[in-house]
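J.: turn this into a structure:
(2 chains, ligands or ions: 2)
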Amino acid sequence: MVRVLPLIVLLSAWWLVVRLKVWPEVFVPDPRDVWTSLLDSERTHDGQIGLSGYYLHEHLWASLRRILVGVSLAIVFGTALGLALATIRPLRLVVEPYVNFIRSLPPLAYFSLLIIWFGIEDQSKIWLLFLAAFPPVALSVLSGVRGIRQERIDAIRSLGANRLQVVRHVVLPATLPELFTGVRLAIGFAWTTIVAAETIDGIPGIGGLAWSTKKFQQTDVAVLCIIVIGLSAIALDQLVKWLERTVVPWRGKA
Amino acid sequence: MEGALRVESARSPAGSPGAPSRVTLQAVAHRYLARQGEVAALGRTDLQVNTGEFVTLVGPSGCGKSTLLNLIAGFLVPTEGEVLVDGEVVTGPSPDRGVVFQQANLYPWMSVRDNVALGPRLRGVGKAERRTAADELLALVGLEEFGNARPYELSGGMQQRCQIARVLANDPDVLLLDEPFGALDAITREHLQMQLHRIWLRSRKTAVFITHSVEEAVFLGTRVIVMGARPGRIVFDERPPFRPEARTPELRATPAFVAWRERVSAVLRGT
Ligand SMILES: Nc1ncnc2c1ncn2[C@@H]1O[C@H](COP(=O)(O)OP(=O)(O)OP(=O)(O)O)[C@@H](O)[C@H]1O
Ligand SMILES: [Mg+2]
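T.: Ligands and ions are numbered 1, 2, ... in the order given. Sure, this is the predicted structure:
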């Protein structure tokens, strides 16, 4: 009950605003129009397929796929880089400032470059998502490794572990909780970047769809996209949280 | 054990004749580089621990006990002198020197059994074999029912027993224990002291055991060393006259034991 309360309050306020015609309908769409565009988005209507030529789930999947590919690459390279930065001091001194630099840039700042280098198709979008997602992964892994208590390392070394075994049996598992934190941040950044990534040649794509609505002032579709993006982002985050609880059952306990 | 009742505190008692020195500190000193400059943690120290001796080490907080132990473990390199184990200079940690930490340091991503089997696993011992070995050791420390549990599901005392089992799985020549029972309640503590003592009776492994409890030191030690502070140095080094087999809970109440305990306490107060 408490969980649906915000929803009820929002919907009532929305409905009231539309009913009292506080603003014209191109500014605030009728909830029923949003509902209709949701229904339209999954069927062929007036000879049109869904919205902008694709069904809603195709838009969503196109974006999800880009996010998953970009974030997966970020996890692989970010983890490797984080480990390298944590263990090779000279590398950290030289490279860490750049990782921080990339992290602090708004992704749109370098999108033109990526388009010039990789074209307007999927490759530049995935690069953009990757660049937005890998700094938090790398920096989380770095801080995870550096936060390992020396005694944890000493204990396994006195059990006979060589360097590689220390990494495999202690450093990697001990860093898993931080890695998950990094991955959740990375997915968050990927979502916030997806609309930017899909501003150019972004159809199908939920961000591209959202961006396209400005042309014909389709406020109802814009609101639909916002709701879908928000709910998908929350669902994906819950999935990662669930994965974390299964993979890192000791988090917060040891 | 002749000479063990000497009242004078001797700096360096003669070992049992003929017993080879297992652990030797040759003019070892250690300083830490801290932000405020150098900290002389351990003054120049000579020490010989013979094979089969159970040395207990007491001293005020910060006097360099852990430093001494970490030097023997090979976690630290002495700034002066050399640490030798079986005649070889220590340059780093080795599975021949098992270390039991005050904080249990078990790995929460492994089951209790896998923690105990870790040493053999690192050596490449096969799965079935190391599992059997781990289960035997878990039974030895009374944890046979907890092999599948995770370390954080055990109590503090159980974690320490698990840690001891993990170290024993490597069958090390030397056991190094840094206040392993420091965080436990009195009853658990006495229980684990007996358990450790029985394990030691059977294996007669060379051990260096740090504690804050004089009672624990006198009860477990075949040799008791008291350290003083700033810089850390040995101020008392003697062998209590109690036969290992006679170390039962009843011993703690005997006048001889109490007298010995009080003597060591007096030395400790004087540091
Ligand atoms: N890593 C370090 N860096 C700087 N100084 C240190 C370090 N470790 C210990 N010291 C200093 O060295 C001295 C001896 O420390 P050590 O840990 O050996 O004492 P201890 O006898 O084990 O104390 P406790 O009984 O409290 O465990 C202390 O004064 C401490 O401040
Ligand atoms: Mg200490």
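
J.: only C-alpha atoms from now on, for both contacts and neighbour counts.
T.: Fine.

J.: over to residue 45: give its phi and psi.
T.: Picking chain A for this. A:His45 adopts backbone torsions of phi -130, psi 140, taken as degrees, to the nearest 10.

J.: that's the wrong chain, I meant chain B
T.: When read as degrees, to the nearest 10, the backbone of B:Thr45 gives phi -130, psi 130.

J.: surely it meets B:His30?
T.: No - shown here, B:Thr45 and B:His30 do not form a contact pair, counting by Cα atoms under 8 Å, at 9.4 Å.

J.: higher neighbour count, the two?
T.: B:His30 (25 against 17; other Cα atoms under 10 Å in any protein chain shown).

J.: hang on, the more buried one in a strand?
T.: Yes - assessed by DSSP: H, G, I helix; E, B strand; the rest coil, B:His30 belongs to a strand.

J.: could you look up the SS state of B:Asn105?
T.: Following three-state DSSP, the label given to B:Asn105 is coil.

J.: same thing with B:Arg233?
T.: strand.

J.: now swap in the one 3 residues further on and tell me
T.: Assigned with three-state DSSP, B:Phe236 falls in the strand class.

J.: what do you get for B:Leu184?
T.: coil.

J.: contact partners for it?
T.: B:Leu184 makes contacts with B:156-157, as judged by Cα atoms under 8 Å, 6 or more residues apart in numbering or on different chains.

J.: and it, how close does it get to B:Val85?
T.: Per Cα to Cα, to the nearest Å, B:Leu184 is found 31 Å from B:Val85.

J.: does chain B sit close to the strand or helix carrying A:Val228?
T.: According to DSSP states H and E, A:Val228 maps onto helix A:219-247. No - applying Cα under 8 Å from any Cα of the partner chain, one finds helix A:219-247 separated from chain B by no less than 9.1 Å.

J.: centre of the chain versus that helix, how much separation?
T.: Distance, stretch centre to chain centre, for helix A:219-247: 9 Å (Cα atoms, centre = their mean, to the nearest Å).

J.: could you do stretch A:94-110 as well?
T.: On Cα atoms, centre = their mean, the centre of stretch A:94-110 falls 17 Å from the chain's centre.

J.: which residues does it contact?
T.: Stretch A:94-110 has contacts (Cα under 8 Å, 6+ apart) with A:85, A:128, A:131-132, A:135-136, A:139, A:193, A:196-197.

J.: could I get the pLDDT score of B:Leu168?
T.: Looking at B:Leu168, its pLDDT is 92.

J.: my bad, should have said B:Pro20
T.: pLDDT, B:Pro20: 67.

J.: tell me where the model's unsure across chain A.
T.: Low-confidence segments of chain A (pLDDT under 70): A:1.

J.: mind listing the strands for it?
T.: A:44-45, A:48-49 (DSSP state E).

J.: same check, this time on the stretch 1-150 of chain B
T.: For the stretch 1-150 of chain B, the strands defined by DSSP state E, counting those that start in this stretch occupy B:21-34, B:37-50, B:54-58, B:80-85, B:88-89, B:97-100.

J.: mind checking those for the one nearest to A:Ser37?
T.: Taking Cα to Cα, strand B:97-100 is the member of these nearest to A:Ser37, at 66.4 Å.

J.: specify which member of the contacts of stretch A:94-110 is nearest to chain B.
T.: The nearest member of the contacts of stretch A:94-110 to chain B, counting by Cα to the nearest Cα, is A:Leu139 at 22.4 Å.

J.: got the contact list for the closest one?
T.: So A:Leu139 contacts A:78, A:82, A:99, A:182 (Cα under 8 Å, 6+ apart).

J.: related to what we said a few turns ago, among the strands of the stretch 1-150 of chain B, which is nearest chain A?
T.: Of those, the one closest to chain A (Cα to the nearest Cα) turns out to be strand B:97-100, at 6.3 Å.

J.: what's the spacing between the residue of chain A found nearest ligand 1 and B:Leu76?
T.: Proximity of chain A to ligand 1 (Cα to the nearest ligand atom) peaks at A:Gln150, 10.3 Å away. Distance, A:Gln150 to B:Leu76, using Cα to Cα: 12 Å.

J.: A:Ile227 too?
T.: A:Ile227 sits 58 Å away from B:Leu76, going by Cα to Cα.

J.: those two: who's more crowded?
T.: Taking neighbours as other Cα under 10 Å, A:Ile227 and B:Leu76 compare with B:Leu76 leading, 18 against 12.

J.: isn't the more buried one right next to B:Glu82, touching?
T.: No - assessed by Cα under 8 Å, B:Leu76 is found out of contact with B:Glu82, at 11.3 Å.

J.: residues from the stretch 101-250 of chain A in reach of ligand 1?
T.: Within the stretch 101-250 of chain A, no position is near ligand 1 by Cα under 6 Å from any ligand atom.

J.: picking up where we left off before, for the contacts of A:Leu139, pick the one with the most neighbours.
T.: Neighbour-wise, the contacts of A:Leu139 (other Cα under 10 Å) top out at A:Gly78, 27 neighbours.

J.: which one is that one nearest to, not counting chain neighbours?
T.: The shortest distance from A:Gly78 to any non-neighbouring residue, by Cα to Cα, 6 or more residues apart in numbering or on different chains, is to A:Ala138 (4.1 Å).

J.: returning to what we had before: other SSEs contacting the helix holding A:Val228?
T.: helix A:31-41, helix A:172-197, helix A:206-212 (3 or more Cα pairs under 8 Å, 6 or more residues apart in numbering or on different chains; DSSP states H and E).

J.: any chance of the ones you listed in JSON lines, plus distance to chain B?
T.: Below are these laid out as JSON lines (distance: least, Cα to the nearest Cα, whole Å):
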{"stretch": "helix A:31-41", "distance to chain B": "45"}
{"stretch": "helix A:172-197", "distance to chain B": "7"}
{"stretch": "helix A:206-212", "distance to chain B": "39"}
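
J.: tabulate those (CSV), appending distance to B:Glu153.
T.: Listed next are the helices and strands packed on helix A:219-247 as CSV, based on distance: least, Cα to Cα, whole Å:
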stretch, distance to B:Glu153
helix A:31-41, 49
helix A:172-197, 18
helix A:206-212, 45
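
J.: can I get the CA coordinates of stretch A:196-203 in PDB?
T.: Provided in PDB are the C-alpha atoms of stretch A:196-203 (Å, rounded to 0.1, in the frame of the first residue of the first chain):
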ATOM      1  CA  ALA A 196      22.300  10.900 -26.200                       C
ATOM      2  CA  ALA A 197      23.600   7.800 -27.900                       C
ATOM      3  CA  GLU A 198      20.400   7.400 -29.900                       C
ATOM      4  CA  THR A 199      19.900  11.000 -30.900                       C
ATOM      5  CA  ILE A 200      21.500  10.200 -34.300                       C
ATOM      6  CA  ASP A 201      20.200   7.200 -36.300                       C
ATOM      7  CA  GLY A 202      18.700   5.900 -33.000                       C
ATOM      8  CA  ILE A 203      15.600   4.100 -34.400                       C
END
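
J.: buried residues in it?
T.: If you call a residue buried by 16 or more other Cα atoms under 10 Å in any protein chain shown, then stretch A:196-203 has these buried ones: A:196-199, A:202-203.

J.: what do you get for stretch B:141-161?
T.: For stretch B:141-161, the neighbour count (16+ other Cα under 10 Å) marks B:141, B:143, B:146-147, B:150-153, B:156-161 as buried.
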